[in-house]
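K.L.:
sequence-free structure coming up:
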């Protein structure tokens, strides 16, 4: 029953406009910001909610995010990391986030989502029953949700499921980049 409701919730939001994330002050962006979805119209945006390097899902997915940024950034993909402290929202020092960003080798924009405002607005409030907070959302050039990886790992060199999820994400990125509004 829960899986069916999750599938229905995902189906309901795919193709729909993605709401703006709560306004972030410049201090809340560790690098590359401040950004908002409206200013990114015309670009394809991949938002990944992540946390510290102790998270096995985040650590395993980081290389794929870096590869997508390098490969597709010149074609119009903007990868954005949203650092969401776990296991619950809490004040988070920028130094903690910088350590994770450096450990992951991220060179794309990263924001601190300490209160989970962006995570809730873009994911948790829109998909009741979502079990992962490490979701990845692919937004097309018109601001509509094109693809969702509900959480966990997508990795080129991971287990069978992680590889399958990596190729699904990659195919969705390629398709979104090929479309012109």
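P.N.:
That came in fine, so what should we check first? If you're wondering where the values come from, they're calculated on a predicted model, not measured in any experiment.
K.L.:
In three-state terms, label the residue positioned nearest the centre of the chain for me.
P.N.:
Computing the C-alpha centroid of the chain and ranking residues by CA atoms, centre = their mean puts residue 48 first, at 1.8 Å. Classification of residue 48 using DSSP: H, G, I helix; E, B strand; the rest coil returns strand.
K.L.:
Isn't it up against residue 78?
P.N.:
No - shown here, residue 48 and residue 78 do not form a contact pair, counting by CB atoms under 8 Å, at 11.6 Å. C-beta here means a position set from N, CA and C on the backbone, and glycine is covered the same way.
K.L.:
need the longest helix for this structure.
P.N.:
As assigned by DSSP state H, the longest helix anywhere in the chain is helix 160-178.
K.L.:
Could you list every helix and strand in contact with that helix?
P.N.:
Contact partners of helix 160-178 among helices and strands, from 3 or more CB pairs under 8 Å, 6 or more residues apart in numbering; DSSP states H and E: strand 44-50, helix 56-72, strand 136-139, strand 145-149.
K.L.:
can you redo the ones you listed as a markdown table with mean pLDDT?
P.N.:
Putting the helices and strands packed on helix 160-178 into a markdown table (pLDDT from 0 to 100) gives the following:
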| stretch | mean pLDDT |
| --- | --- |
| strand 44-50 | 97 |
| helix 56-72 | 97 |
| strand 136-139 | 97 |
| strand 145-149 | 95 |
